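In: Mind looking at a prediction? Sequence and model below.
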Amino acid sequence: MSFFSASPHLEQLVADNDWAEIPEEFVTREGRLAKLIGDKWHLPCENLYGNVSIRKYGSPILQWVVTKYMIHVAQVISSISSYNSVIEIHAVLGHRDFFTKSFSCVDPELLKPALIEQFEILILRLKEERKLWRAYRPIRWYIWAAENYPELGFCEQYASDLDCMKIPGGPKGEAVRSQDPEQGPLHPHLEVSLIVDALRRDVGQEFEHYQQRAAVAISKTYGRNPANYIALREEDVFDLVDDPEEPEWAVKLPRIKKGFRSARSDFIVESLVTKPVSISGR
């Protein structure tokens with residue numbers, strides 16, 4: 001990665017700490033190949049290739065840490081989450097042309113106060129604009145960097161302060177938070193009670209009827225998108241302790257919204273003991 005060589009401090013720290021070199025390609029969590037071509041990363045996102053220009057992150061140190069974070073998120077979460085994170089970091093943290101001005105900053109000790117000052121300005125500005133939710137991704141990046149590379153100018157104490165901040169949710173969840181009657185959650189008395197009553201009264205004997213009751217009951221119990229349950233199979237309900245005398249039933253719920261991964265690539269296990277689900281309708 002020749003464009004990192006402008007910072008001898010960075011090169012020395014990478015060598016001294018035996019940090020892994022940044023590869024020219026890596027496999028994402030979805031099993032697809034991300035490649036570095038020149039100074040641009042090509043991330044295989046859901047319906048496009050997310051092109052990320054590393055040079056625009058200014059200081060060679062910031063370029064290196066952003067790249068490391070991008071690889072980490074792409075391998076642990078998803079390519080689209082990685083792409084959205086690094087794009088948002090640049091969009092929000094780049095206020096006052098911060099990244100361009102940081103190009104000449106090759107010393108972590110000089111970068112540390114500049115980063116903290118930029119975050120303070122960022123947080124104050126977003127509070128005034130009532131858009132503090134936009135600080136979430138840059139803050140998560142700073143915290144991650146402080147946990148893994150404090151030697152590169154990321155203050156662990158400041159990261160701890162950021163971690164304690166209460167960041168409001170974005171506009172996508174506003175309908176739920178505001179109890180919007182059209183797009184918000186079901187009304188607990190006027191709507192949920194009718195669904196529960198219909199579930200109890202339904203005595204259809206067709207296999208499809210049992211499936212419908214199961215989907216409604218599980219959705220009500222665990223509160224997830226019903227689309228998760230399309231991929232459920234009989235074997236997803238299992239005994240955690242494998243004890244016929246005193247079984248502890250659990251269900252593996254498929255997780256969706258993972259890009260290239262199939263609905264059955266990720267699961268979350270929920271107990272059926274503490275949250276009994278009645279699907280018989282009797």
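Out: All right, it came through fine.
In: I'd like to check what contacts the helix or strand hosting residue 122. Which residues are they?
Out: Secondary structure from DSSP states H and E places residue 122 in helix 108-128. With contacts defined as Cβ atoms under 8 Å, 6 or more residues apart in numbering, helix 108-128 is touched by 9-10, 13, 59, 61-62, 92-93, 95-96, 98, 102, 105, 132, 134-135, 138-139, 142, 151-155, 158, 162, 165. For the C-beta atoms, the positions are set from N, CA and C on the backbone; glycine is no exception.
In: what mean pLDDT would you report for the next helix or strand after that helix?
Out: Using DSSP H and E, the helix or strand that follows helix 108-128 in sequence is helix 136-148. Helix 136-148 comes out with an average pLDDT of 96.
In: Which SSE is immediately downstream of helix 136-148?
Out: helix 156-163.
In: For the stretch 51-200 of the chain, give me the ranges with low pLDDT.
Out: Along the stretch 51-200 of the chain, segments meeting pLDDT under 70 span 169-189.
In: how about the strands in the stretch 1-150 of the chain?
Out: 25-27, 33-37, 40-44, 49-53 (DSSP state E, counting those that start in this stretch).
In: Now tell me which of those strands the model trusts least on average.
Out: strand 49-53 (a mean of 81).
In: and that strand, which strands flank it?
Out: Strand pairing for strand 49-53, determined by DSSP bridges: strand 40-44 (antiparallel).
In: Quick check on the residue nearest to residue 104 when sequence neighbours are not counted: phi, psi?
Out: Setting aside the residues directly before and after it, residue 104 is nearest to residue 59 in space (Cβ to Cβ, 6 or more residues apart in numbering), at 7.8 Å. Main-chain dihedrals, residue 59, degrees, to the nearest 10: phi -50, psi 140.
In: Report how many residues lie close to residue 59.
Out: Using other Cβ atoms under 10 Å, the number of residues around residue 59 comes to 28.
In: Tell me the spacing between it and residue 117.
Out: As defined by Cβ to Cβ, to the nearest Å, residue 59 lies at a distance of 14 Å from residue 117.
In: Report how many residues lie close to residue 101.
Out: The burial count for residue 101: 14, using other Cβ under 10 Å.
In: Verify the contact between it and residue 62 for me.
Out: No: contact criterion Cβ atoms under 8 Å: residue 101 and residue 62 do not qualify, at 11.3 Å.
In: domains in the protein, as residue ranges please.
Out: 2-173, 186-271 (automatic domain parsing).
In: Pick the most deeply packed of these.
Out: The highest average neighbour count among the domains of the chain, using mean count of other Cβ atoms under 10 Å, belongs to domain 2-173 at a mean of 17.
In: next one: that one to chain centre, how far?
Out: 15 Å (Cα atoms, centre = their mean, to the nearest Å).
In: list the contacts for residue 253?
Out: Going by Cβ under 8 Å, 6+ apart, residue 253 touches 218, 222, 224, 228, 229, 232, 236, 267, 268, 269, 270.
In: How about the secondary structure of it?
Out: What DSSP: H, G, I helix; E, B strand; the rest coil gives for residue 253 is strand.
In: ok, it to residue 218 distance?
Out: Taken as Cβ to Cβ, the span from residue 253 to residue 218 is 8 Å.
In: Residues that sit against both of the two, list them.
Out: Here residue 253 and residue 218 have 229, 232 as joint contacts, going by Cβ under 8 Å, 6+ apart.
In: quick one: residue 53 from residue 254, how far?
Out: In terms of Cβ to Cβ, residue 53 sits 36 Å off from residue 254.
In: what helix or strand is the closest residue to residue 239 other than its chain neighbours on?
Out: Sequence neighbours aside, residue 247 is the residue nearest to residue 239 in space, at 4.2 Å (criterion: Cβ to Cβ, 6+ apart). Assessed by DSSP H and E, residue 247 sits outside every helix and strand.
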